[in-house]
Structure formats: structure tokens, C-alpha cells
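Asks: how does the following fold in three dimensions:
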Amino acid sequence: MTSAPHPDHRPEDLCSPGTALYERALRQGQVAAREAVVAPCLVDFGLLHPSVADTSRLEPVPPAAVLHRLLRGSAERIAEERQREERLTERFATLMRVDGPRTAGPDSPVLRLLSGTRRINQTITETMAEASRELLCVQPHAGLVGRRVEEARAVSLVRDQALLDRGGRIRTLYQHTLRHVPSVPAYQERLTGDVEARSLDEVTARLILVDRRVAFIPANGDATLALEVRHPALVGYFATTFDRLWRLATPMYPLTVRQPSADGVTPRQRAIAGLLVEGHTDAVIADRLGMNVRTAREHIAKLAATLGSGSRAQLGYLIGQSGILDPEP
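Replies: The predicted structure follows:
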């Protein structure tokens, strides 16, 4: 019966049979050469060598001498690797200076998932520090709630003002419900520079566009995950969407424009009417327009009273007959 082959390993992973035989050789001064058959690694690694007086015997090399030799070999390999690193660095240094669409560093992937509010804010701040042209934001109602709102605004104020000081501009698109939140226009007033804000009944989820080069969008419902987007096609798509929404929006800062009412129906009620005829529930209407359900129901009741409706089904019919949803000439 043949014994199992000896497993390959490195000196730092000396096998159990080899360790036991080497320890015995150190204690006794030598061992029979035939005993090393179970641990040929001892000879291969230079821990045992044939006796000059008797070649059938193996003598141990002092552990300190073995360690010194192995460390010296390791140091030589490290020195070679360092020289290789220097040559690689020198060779690729000129290549990394080439300016082109495919030369972005490994720290700038086209898509990156950011986890945690602190990490998200830190990344936005770092990106803003490199910006020089503009900041475009879509801010729905959900983006301004939470326990650390004031702290977040303080951070935003510093980085926004820094961009303005560098000659950049800021455009923010809010939901109409935020026009009546005192802290919203107050934030714009605290900034000095080229700042404008507009509002719409419905906006997209939160969007931050920096220099039309980097975009940040939510990656989950509670805003604890965000996607950093650097893909030119996606960023361009977001920028086009913002520009089109901006042209449809109503100015709210620095010039405030009131939306006109038509036939006793307010712009808010007109937006609700559009969602009602689509068959949405009160909860969905409230969420899409950035208000609570109670407020949405109050607007629905006022709309019903204005149109003389006595039921939900009749209200939908009267909305269609009234012409309040017809496009303006």
C-alpha cells in the first residue's frame, strides 16, 4: 500500500508530520534519512540536510538560520515587487494624463449605490465642492420631513452658498404645497447669488444634478439609499426632464407669481380634479400632490360644492362637463 502524497504547502504552513520530525531532529541532533519520506518538505525548505559524516542521517539546520534565510528571500521578492510598482506607476502616469471619455479613474464609476444618510450627504458635498456651474434640484414634499431637517438644511446652505460664491447658479423645483411652508422661501432668501425657485402640482422624486455631470436619485422609499449617476446619457436625460418641468412651473422665488383661479376653482382644486377623473383614491391624490389626506378631502369637498355635486360619481361627471380641465387657448 502506498502512502498518500505529501500536500503542497509553504514554509509558514509547515505540515504536522514535518513539524514533529523537525522538532525531534533539533532535540536529538539528527534523524534517519528514511524518516523524512513522510515530510519531504523539510529537505525542500532547507530545514534538514544530509550529515557529512553519514549520508543516511539528516541533521537539522538551526531555526534562526532558516528564518533569516526565508525572510531574506521574502525581502528580495518585496523589493522586486516595489521596483515593478515603480515601473508601472511611471509607465501609466503619462497614460492617466490623457484627456478622453474613457480615462475616468476607478473612483468614478458611472453608477454607484450609496448607503446611509451620512454617506449620501458626504458624497453630495464632495461633488458640490468640485462644481462651478449650476445645481438643479427637484424637491418633493417628502424631501423636507424628518428629525434632522434643520441639520440637513445647515449643511446644504454651506455647500450651496459656496457654489454661488464661485459664480454658479441654483435652480430648485418644489411641489406647490411647499409654497406655503415658511422655511422654504426663507431658505432661498438666506442665499446670496443667482438663485431661483419654481413649483408644480406634481414633481418627480428627489433629484440633484450637479453641473449636468453628476446626478443623485433615491434608490429606496425611505431615502436611506441613493444612486450616484455619472453616465452621460442618463444625466442628460435627467437634465432634459428638469428643463421641461421648469418651463411648466410657476415662479415662487425671487418673483412670486400667483396661479389664477378660473370660475371659482383654484389651481389646487383643478389639479385634484384631474386626478379624480383618472379614478385615483383620496390617499393617492394626497401623496401625488404633497398634502395629507384630510387636506385633500377638504379640497375635494370645496370642489364638489363649487360644481354643485352631491356624490363622488356625479363630481367626476360635472368636472368633465365644466371644462375646467380643458387646455388653455
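Asks: C-alpha only now, for contacts and for neighbours.
Replies: Will do.
Asks: residues of the helix or strand of the chain with the lowest mean pLDDT that come out buried?
Replies: When the helices and strands of the chain are scored by mean pLDDT, DSSP states H and E, helix 312-322 comes last with a mean of 72. Buried residues in helix 312-322, counted by 16 or more other CA atoms under 10 Å: L315, G316, L318, I319.
Asks: where exactly do the helices run in the stretch 101-250 of the chain?
Replies: 117-129, 149-165, 183-189, 232-248 (DSSP state H, counting those that start in this stretch).
Asks: residues contacting stretch 298-315, please?
Replies: Around stretch 298-315, the neighbours that count as contacts under CA atoms under 8 Å, 6 or more residues apart in numbering are G264, V265, R268, Q269, I272, A273, L318, I319, S322.
Asks: which SS class is A65?
Replies: At A65 the chain is in helix, as set by DSSP: H, G, I helix; E, B strand; the rest coil.
Asks: measure how buried it is and give me the count.
Replies: Counted with other CA atoms under 10 Å, the neighbours of A65 add up to 12.
Asks: which residues in the stretch 1-150 of the chain form strands?
Replies: Remark: strands assigned in the stretch 1-150 of the chain by DSSP state E, counting those that start in this stretch are 31-32, 48-50, 57-60, 111-115, 134-139.
Asks: let me have those in JSON lines, extended by mean neighbour count and mean pLDDT.
Replies: Putting the strands of the stretch 1-150 of the chain into JSON lines (neighbours: other CA atoms under 10 Å; pLDDT from 0 to 100) gives the following:
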{"stretch": "strand 31-32", "mean neighbour count": "19", "mean pLDDT": "94"}
{"stretch": "strand 48-50", "mean neighbour count": "20", "mean pLDDT": "91"}
{"stretch": "strand 57-60", "mean neighbour count": "22", "mean pLDDT": "92"}
{"stretch": "strand 111-115", "mean neighbour count": "15", "mean pLDDT": "91"}
{"stretch": "strand 134-139", "mean neighbour count": "22", "mean pLDDT": "94"}
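Asks: same list (the ones you listed) but as JSON lines, adding distance to N121.
Replies: What follows is these, written out as JSON lines (distance: least, CA to CA, whole Å):
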{"stretch": "strand 31-32", "distance to N121": "68"}
{"stretch": "strand 48-50", "distance to N121": "61"}
{"stretch": "strand 57-60", "distance to N121": "62"}
{"stretch": "strand 111-115", "distance to N121": "10"}
{"stretch": "strand 134-139", "distance to N121": "14"}
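Asks: related to what we said a few turns ago, closest to V195 out of the contacts of stretch 298-315?
Replies: V195 lies nearest to R268 out of the contacts of stretch 298-315, by CA to CA, at 25.5 Å.
Asks: which residue packs closest to that closest one, ignoring adjacent ones?
Replies: Nearest residue to R268, sequence neighbours excluded (CA to CA, 6 or more residues apart in numbering): D201, at 7.3 Å.
Asks: correct me, but the one you found touches I272?
Replies: No: the criterion here is CA atoms under 8 Å, and D201 misses it with I272 at 9.2 Å.
Asks: so if I had to pick from those two, which one is more boxed in?
Replies: Taking D201 and I272 together and counting by other CA under 10 Å, I272 has the greater number of neighbours (24 against 20).
Asks: where does this structure have low pLDDT?
Replies: Judged by pLDDT under 70, the chain has its weakly predicted residues at 1-4, 96-108, 141-151, 180, 256-264, 317, 324-329.
Asks: quick one, domains of it?
Replies: 11-61, 111-253, 267-322 (automatic domain parsing).
Asks: how about the ones you listed in TSV, adding distance to L70?
Replies: As requested, the domains of the chain are arranged in TSV below (distance: least, CA to CA, whole Å):
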stretch	distance to L70
domain 11-61	8
domain 111-253	44
domain 267-322	70
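Asks: quick check: which of the ones you listed is nearest to E80?
Replies: Across those, closest to E80 is domain 11-61 (CA to CA), at 20.3 Å.
Asks: tell me the buried residues in stretch 248-255?
Replies: In stretch 248-255, counting by 16+ other CA under 10 Å, buried: A249, T250, P251, M252, Y253.
Asks: so the second one bridges to which residues?
Replies: Meaning T250. S199 (DSSP bridges).
Asks: I'd say it and E196 touch.
Replies: No: applying CA under 8 Å, one finds T250 not in contact with E196, separated by 11.1 Å.
Asks: I217 versus L207, what's the distance?
Replies: Per CA to CA, to the nearest Å, L207 is found 5 Å from I217.
Asks: give me the common contacts of those two.
Replies: Joint contacts of L207 and I217 (CA under 8 Å, 6+ apart) do not exist.
Asks: hey, where'd the strands end up in the stretch 151-300 of the chain?
Replies: Ranges of strands in the stretch 151-300 of the chain, per DSSP E, counting those that start in this stretch, are 169-175, 194-200, 207-210, 214-218, 225-229, 250-253.
Asks: and for Q175, the neighbour number?
Replies: Number of residues near Q175 (other CA under 10 Å) recorded here: 23.
Asks: got the contact list for it?
Replies: Q139, P140, H141, S199, L200, D201, E202, V203, L289, G290.
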